[in-house]
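Undergrad: Take a look and give me a structure for this.
(one chain, ligands or ions: 1)
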Amino acid sequence: MNERLLKAVDDRVDDLVALTADLISFPTINPPGEAYRPCAEYVGARLKKRGFGIEFIRAEGTPGDTDRYPRVNVVARFDGRSAGACVHFNSHIDVVEAGDGWTVDPFAGIVRDGKVYGRGACDMKGGLAASIIAAEAFMEVFPDFPGAIEISGTVDEESGGFGGVAHLAKSGYFSAPKVDHVIIPEPLNKDRICLGHRGVWWAEIETKGEIAHGSMPFLGDNAVRHMGAVLQAFEDELFPALDRKMTRMPVVPEGAKRSTMNINSIHGGQTEDFRPGLPSPNVPDSCRLTIDRRFLLEEDLATVKSEVTDILERLKRERRKFDYEIRDLMEVLPLMTERDAPVVKAVAQGIMEIFDREPDYVISPGTYDQKHIARIGHIYDCIAYGPGILDLAHRPDEWVGISDMVESAKVMAIGLNVLLRGTVSG
Ligand SMILES: [Zn+2]
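TA: Okay, the predicted model is just below:
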């Protein structure tokens, strides 16, 4: 039976390429959130023609939502002939800015040498197109299928997903019994299944000082020097300790199997806006540092935080006049869907049929919209699976391979067959 399903995907290759190119032609750059509405409307119009019911959901009041840049999401649903499970494909339609270094127009959707080029080609308009083709092929071959298929195009993933999946999850779009299984076609490579991601803690640390004239710094208290002591303690104690923590999670790349922390920014004293003039001589009374700590399934958030605050508290005891504040900016718990979860087994079945080998199971070093689906929607049968090479995301001359899209559309179509019709093999 899968022969017919695979042929139905092959019959749609031209459509798949044209669809990908069309999606790329919407410059859905985030920030600020350009062209969300026309892109969502394009997806909606396409699926409406195939019989899907379409809803447009604007995430009013979420970060960045204005009449000029409305956060418009699209959710399409097709109910089969009888009751059953619902498989939801969720793709983000926003892309990051093109940046420099392109040799092709990033929003022209140029097709060359078996690849479609453009910003968002792999991350993740190629994945969205592949999931649409997979669903349409499946619906043609098995018109009497039970259950339902949903396809969503959501915004703002690149900026945290608050106007996209988080908003929809809060509004009940990602909850049982409406949705049972979720596949997010992020570019994790066509033969890999991404089970989840590491945890995230962002925080801002501020050291305090006392302003004084720069010619007499002894009269004040320099907040930047206090922050220097913080950084030194991080170098001496925290970074080596993080580097010793290894996870059993299959995180790729290898370096991300350890705990990591990035210093995102540091700022103390006057802004540099004085240019082209000169700054005035001041002892800075504040220095702010933002940290981006990525943690493992084996770690808990309270310990992750105390590793930092213990250092700050110790400095407070040992260092004269040291004072600080720390503010949480973001917290996301690590996630890992189990390998025997239904959606994992269904997509693994597809990969084995198409590539004749077991899939690689991976964990993403950074988070994506799965966090909202789990935390807000309480759906844990969720993976990321889609075509494209993650290393190309956000880079100049981003592309997605046409054969990769075709093969992963076949995997998705088989996954649908397993999840909705219970067909284990063809
Ligand atoms: Zn993405």
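Undergrad: In contact with the residue of the stretch 151-300 of the chain found nearest the ion, which residues?
TA: The stretch 151-300 of the chain approaches the ion most closely through E186 (4.9 Å), counting by CB to the ion. Any C-beta I mention is one placed from the backbone N, CA and C, and that applies to glycine too. By CB atoms under 8 Å, 6 or more residues apart in numbering, E186 lies in contact with D123, M124, G127, C194, S364, Y368, A384, Y385, G386, L390.
Undergrad: do the same with V179
TA: Contacts of V179 (CB under 8 Å, 6+ apart): C86, H88, E150, Y173, G377, I379.
Undergrad: pLDDT value on the fourth one, please?
TA: Just to be clear, that refers to Y173. Reported pLDDT at Y173 in the predicted model: 97.
Undergrad: who's in contact with the residue in the stretch 101-250 of the chain that the ion sits nearest to?
TA: Nearest to the ion, among the residues of the stretch 101-250 of the chain, is D123, at 4.1 Å (CB to the ion). D123 makes contact with V95, V96, E186, P187, G388, L390, L392, A393, H394, E398, according to CB under 8 Å, 6+ apart.
Undergrad: Looking at those residues, which gets the smallest pLDDT?
TA: When the contacts of D123 are compared on pLDDT, L390 comes out lowest, with 85.
Undergrad: since we're on that one, how many residues are nearby?
TA: As a burial measure, L390 scores 22 neighbours (other CB atoms under 10 Å).
Undergrad: buried ones in the top helix by length along the chain?
TA: Assignment by DSSP state H gives helix 402-421 as the longest helix of the chain. Of the residues in helix 402-421, 402, 404-421 count as buried by neighbour count, 16 or more other CB atoms under 10 Å.
Undergrad: quick one: the helices in the stretch 251-400 of the chain?
TA: Along the stretch 251-400 of the chain, counting by DSSP state H, counting those that start in this stretch, helices occupy 301-318, 342-355, 370-375.
Undergrad: got the contacts of E186 as JSON lines, with distance to F52 columns?
TA: As requested, the contacts of E186 are exported to JSON lines (distance: CB to CB, whole Å):
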{"residue": "D123", "distance to F52": "24"}
{"residue": "M124", "distance to F52": "20"}
{"residue": "G127", "distance to F52": "18"}
{"residue": "C194", "distance to F52": "26"}
{"residue": "S364", "distance to F52": "29"}
{"residue": "Y368", "distance to F52": "24"}
{"residue": "A384", "distance to F52": "23"}
{"residue": "Y385", "distance to F52": "21"}
{"residue": "G386", "distance to F52": "20"}
{"residue": "L390", "distance to F52": "29"}
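Undergrad: Check the residues you listed for the minimum pLDDT and say which it is.
TA: L390 (85).
Undergrad: these two touch, right, that residue and P187?
TA: Yes. L390 is within contact range of P187, at 5.2 Å (criterion: CB atoms under 8 Å).
Undergrad: what is in contact with the two at once?
TA: Contacts common to L390 and P187, judged by CB under 8 Å, 6+ apart, are C122, D123.
Undergrad: What's the local residue count around V96?
TA: Applying other CB under 10 Å, we find 18 residues neighbouring V96.
Undergrad: same check, this time on the one 5 residues further on
TA: Taking other CB under 10 Å as the neighbour definition, G101 ends up with a count of 8.
Undergrad: Let me see the contact set for it.
TA: Neighbouring residues of G101 by CB under 8 Å, 6+ apart: P396, D397.
Undergrad: so it is in which element?
TA: Assessed by DSSP states H and E, G101 sits outside every helix and strand.
Undergrad: how far away is it from E398?
TA: Using CB to CB, to the nearest Å, we find G101 at a distance of 11 Å from E398.
Undergrad: Then Q370?
TA: Distance of Q370 to E398, computed by CB to CB: 22 Å.
Undergrad: ditto for L297
TA: To E398, L297 is 31 Å away according to CB to CB.
Undergrad: The two: who's more crowded?
TA: Each of L297 and E398 has its neighbours counted (other CB under 10 Å); E398 has more, 29 against 17.
Undergrad: So, low pLDDT: which residues of the stretch 301-426 of the chain?
TA: Along the stretch 301-426 of the chain, segments meeting pLDDT under 70 span 423-426.
Undergrad: A384 versus the residue nearest the centre of the chain, what's the distance?
TA: The centroid of the chain falls nearest to Y368 when counting by CA atoms, centre = their mean (2.5 Å). Y368 is 6 Å from A384, where distance means CB to CB.
Undergrad: shared neighbours of those two, anything?
TA: Common contacts of Y368 and A384 (CB under 8 Å, 6+ apart): I184, E186.
Undergrad: on that earlier part again, so which of the contacts of D123 is the closest to G220?
TA: Set against G220, the nearest of the contacts of D123 by CB to CB is V96 (41.4 Å).
Undergrad: can you pull out the helices in the stretch 51-200 of the chain?
TA: For the stretch 51-200 of the chain, helices defined by DSSP H, counting those that start in this stretch occupy the ranges 126-141, 165-170.
Undergrad: Identify, out of those, the most deeply packed stretch.
TA: helix 126-141 (a mean of 27; mean count of other CB atoms under 10 Å).
Undergrad: nearest residue to the residue nearest to the centre of the chain other than its sequence neighbours?
TA: E186 (5.8 Å; CB to CB, 6 or more residues apart in numbering).
Undergrad: now that neighbour: how far from S408?
TA: Separation of E186 from S408 (CB to CB) stands at 11 Å.
Undergrad: Look at D113 and say how many residues are nearby.
TA: Neighbour tally, D113, other CB under 10 Å: 8.
Undergrad: where does it land on pLDDT?
TA: As predicted, D113 sits at a pLDDT of 97.
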